[in-house]
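# From the sequence below, what's the structure:
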Amino acid sequence: METNDSICELRVKGTWAGDVKTDLQIRDFPLLSLDDTEELGGKDEAPNPLEFILASLNGCNGIMIPLVAKECNFSFSAISFDSSGIVDTRGFMGEPDICTHFKSIHHVITIHTTEPDHRLQELKEQVEARCPIFNLLIDANIHLTSEWVKI
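Okay, here's the model as predicted:
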């Protein structure tokens, strides 16, 4: 990762590993793999790229919520995420005029807090405005519902 003031370049290297599997190297972290189900030509040995998108949404919120909460003195004791997406596989199987990415995503954040509801709503709005993955999905015109559950 290279940074220059407020600009940051991220890089991931990939190598085809046969069938539809790809091995990915991100900085000095252990090797990651992407694969797909047997129905889509893979061996189901690793998550598929769209599952990584959902994981990235969860992970990005796992960074942004504590960051924003600290800035606005919002207290919580635990957070969990549950994301699901709907995709029409006909698109990436070659059928024309079918969207190849998610049609919709439902994202549920469960947060353990004693903060009042209006403070939770403020946190939600700030996190959604600043989360890069959330905004990438919105900008891609994916119907994204975000449900925050307070416990």
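# What helices and strands are in contact with the lengthiest helix in the chain?
The longest helix of the chain (DSSP state H) is helix 49-71. Helix 49-71 is packed against strand 78-86, strand 104-112, helix 117-130, helix 132-139, with contacts defined by 3 or more C-beta pairs under 8 Å, 6 or more residues apart in numbering; DSSP states H and E. Where you see a C-beta, it was placed from the backbone N, CA and C, and this is true even at glycine.
# what residues does the second one touch?
If I follow you right, that is strand 104-112. With C-beta atoms under 8 Å, 6 or more residues apart in numbering as the test, strand 104-112 has contacts from 54, 57-58, 61, 65, 76-86, 120, 124, 134, 137, 142-151.
# so can I have TSV of the helices and strands packed on helix 49-71 showing distance to residue 21 and mean pLDDT?
What follows is those, written out as TSV (distance: least, C-beta to C-beta, whole Å; pLDDT from 0 to 100):
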stretch	distance to residue 21	mean pLDDT
strand 78-86	21	98
strand 104-112	25	98
helix 117-130	34	98
helix 132-139	24	97
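# for the ones you listed, which one ends up most surrounded?
strand 104-112 (a mean of 17; mean count of other C-beta atoms under 10 Å).
# I appreciate the help and will end here.
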